[in-house]
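Colleague: Pasting the sequence and the predicted model now:
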Amino acid sequence: MRQTFDETTDPSFGAKHLPLLRAEMAKQGLDGFLIPHEDEHQNEYLPDANERLAWATGFTGSAGAAVVFQDRASMFTDGRYTVQVKAQTDPALFERRDLNDVAAYLETAKPGQVIGYDPKLHSPDALVALKRAAEKAGAELKPVEVNPLDQAWGADRPAQPTAPVVPHADIYSGESHVAKRARIGQAVADAGADAVVLTAPMSIAWLFNVRGGDVIRSPLPIGQAVLEADGKARLFLDGAKVTNELPAWLGDDVQLEAPERLAEALDGLAGRKVMIDPALSSAWYFDRLEQAGATVVRAADPCALPRATKNAVEIEGSRQAHIRDGAALANFLHWVDTTAQQTLPDEREVVETLERFREATGALKDLSFDTIAGAGPNGALPHYKPVGATIRRIENGSLLLVDGGGQYLDGTTDVTRTMAVGEPTADQRHKFTLVLKSHIAMATIRFPAGTSGMALDAIARAPMWAAGLDYDHGTGHGVGSYLGVHEGPQRIAKWGTGQPLLEGMILSNEPGYYREGHWGIRIETLQVVTPAVVPEGGERAMHGFEQLTFAPIDRKLIAVDLLTPPERAYVDAYHAETLAKVGPLVEGEVRAWLERVCAPL
């Protein structure tokens, strides 16, 4: 029976699978082996066939790594997964460390040891620090031609996904793939290259105006492409994914080829200047191109910024998707405020109820990620998911945090609301209102062209910092247009790339507060960067944000006296707009409830 992976994967995986892996390592003369979470396409969410870290360790989170030696092993995760990694991995087999400590751990290798890595799974930039650490220890970091973990997994490994790749109509994309290929081809030429190799599924989907289903919760096709500066392309897709309408959709200037032809295609780029992104493409591509005699031009994926800066059609599509999603949220929040207050359901029931309301729109293609529903103490874990023995029932006097989203043909949604169960305490209202003030600060900020999300982050945190509080995740991430719910290069965080926020970029706004062992608070909406205009009486053009998400904020949790008059005005205006846009899509008790909760403070 082939294995599949979900949040209930258990610690026995390590005991079952480490001996198999170590046996294959020994056959290749390896003393150690690196296991990243990422796959050949640097995906955040993986098809089951690429869940190598989960197979080896039992850990199913979206960020992590392991280093396995013949006599010891370590598991690396970040702060989001502290609880999950303890539940899913065996402490007798894996020492647990921070994800930033992989290189430091390699420095503990013994002189002469050989540590293997699969060059298809690591970016060349990430390997620099790892190689340096191994050398410092007197060890060797060695690329393998055959992944020993894949060999150990053997016949039980699930097949690679073959979801159909289908056209994504121009009425949703707002630009034909012919125009996109010409535009990106010109950007390649302007960068001094003859062609670009694309390996990121988001870029493949965006450039060719296609969507797939190979990656969970994201309508992405797994494949690669070589785009010439003249706009012609070779697209490498498993033939099982190619639908009848796809060749005609792509046209004569896009040649469909089997993935097995990719290595040969890279070899054929000998003597040419080839652009490729070292942050998104694995070391194998760089090694192959250099061995073939191509001149590698290291540069950011030329599709990334055009994809992130949505056009007018995509922005309008996102508006409509959020209004539709807002109706589902209104039905759900009404249920939480009425039925759930009496029945006190568990977190799994909460998740299933929200998903039913989204499905009832008739337009939902998939969730944009697995819904988070944290009751009481579980809400204090920012990336908690209700599975197994951790599931709790909601309780009077506590808080319920729900974070979820939908994938629709015209847009991707992601929204978090925190709700009181029973009568909230004064402390809960105080902390919620501080988070709300932070949220309003980011929703209403104006900023000049060239400002990065990193520069804005402190503005959102200011109300929290003034009270001696903070949160350990970013304030906002980029969001795709019927693509991934996490999209770069834009973000709002203490750390980042310095990428300026540009007109048309969609980002989340999600400050929070988490009291470990008690409850958590987060308020999240999506917003789009507006054109820069000179404010009345001003001298410089300023960007701002237009709100896309419309779902009422729990007024029971708002300490109105802590809000300034402009903040109160913002909440009233936001609720009035929510009622105007979502109200026509709900009726009866829900409509009456929405009118009450959206009334002025």
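Modeller: Thanks, I have the structure now.

Colleague: D48 contacts P158, doesn't it?
Modeller: Yes. Counting by CB atoms under 8 Å, D48 does reach P158; the two are 4.2 Å apart. In this view, the C-beta of every residue, glycine as well, is placed from N, C-alpha and C.

Colleague: can you give me the end-to-end distance of stretch 226-236?
Modeller: Stretch 226-236 stretches 9 Å from its first residue to its last (CA to CA, to the nearest Å).

Colleague: tell me the mean pLDDT over stretch 202-216?
Modeller: Regarding stretch 202-216, the rounded mean pLDDT is 95.

Colleague: Could you tell me the end-to-end distance of it?
Modeller: One end of stretch 202-216 sits 13 Å from the other (CA to CA).

Colleague: repeat for stretch 54-71
Modeller: First-to-last residue span, stretch 54-71, CA to CA: 20 Å.

Colleague: Distance of Y45 relative to G61?
Modeller: 11 Å (CB to CB, to the nearest Å).

Colleague: which residues of the stretch 101-250 of the chain fall in helices?
Modeller: 102-106, 124-136, 148-153, 170-173, 177-190, 201-208, 246-250 (DSSP state H, counting those that start in this stretch).

Colleague: which one of those helices has the most crowded surroundings?
Modeller: helix 201-208 (a mean of 26; mean count of other CB atoms under 10 Å).

Colleague: okay, and the helix or strand of the chain with the least pLDDT?
Modeller: None of the helices or strands of the chain scores lower by mean pLDDT, DSSP states H and E than helix 82-88, at a mean of 79.

Colleague: now the helices of the stretch 101-250 of the chain as JSON lines including distance to T549?
Modeller: Below are the helices of the stretch 101-250 of the chain laid out as JSON lines (distance: least, CB to CB, whole Å):
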{"stretch": "helix 102-106", "distance to T549": "36"}
{"stretch": "helix 124-136", "distance to T549": "34"}
{"stretch": "helix 148-153", "distance to T549": "41"}
{"stretch": "helix 170-173", "distance to T549": "19"}
{"stretch": "helix 177-190", "distance to T549": "28"}
{"stretch": "helix 201-208", "distance to T549": "22"}
{"stretch": "helix 246-250", "distance to T549": "32"}
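
Colleague: So which of those helices is nearest V296?
Modeller: helix 124-136 (9.5 Å; CB to CB).

Colleague: For that closest one, C-alpha coordinates in PDB please.
Modeller: Extracted in PDB, the C-alpha atoms of helix 124-136 (Å, rounded to 0.1, in the frame of the first residue of the first chain):
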ATOM      1  CA  PRO A 124      23.100  26.900  -4.900                       C
ATOM      2  CA  ASP A 125      23.000  29.800  -2.600                       C
ATOM      3  CA  ALA A 126      21.900  27.600   0.300                       C
ATOM      4  CA  LEU A 127      24.700  25.200  -0.300                       C
ATOM      5  CA  VAL A 128      27.400  27.800   0.100                       C
ATOM      6  CA  ALA A 129      27.100  28.000   3.900                       C
ATOM      7  CA  LEU A 130      26.600  24.300   4.200                       C
ATOM      8  CA  LYS A 131      29.700  23.500   2.200                       C
ATOM      9  CA  ARG A 132      31.700  26.000   4.200                       C
ATOM     10  CA  ALA A 133      30.500  24.400   7.500                       C
ATOM     11  CA  ALA A 134      31.500  20.900   6.300                       C
ATOM     12  CA  GLU A 135      34.900  22.100   5.200                       C
ATOM     13  CA  LYS A 136      35.500  23.700   8.600                       C
END
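
Colleague: Which strands or helices does it pack on?
Modeller: helix 102-106, strand 114-117, strand 140-143, helix 283-292 (3 or more CB pairs under 8 Å, 6 or more residues apart in numbering; DSSP states H and E).

Colleague: Mean pLDDT and distance to E423 for these - can I get that in CSV?
Modeller: Output for the helices and strands packed on helix 124-136, formatted as CSV (pLDDT from 0 to 100; distance: least, CB to CB, whole Å):
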stretch, mean pLDDT, distance to E423
helix 102-106, 94, 47
strand 114-117, 96, 55
strand 140-143, 95, 58
helix 283-292, 96, 57
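
Colleague: separation between V529 and A312?
Modeller: 13 Å.
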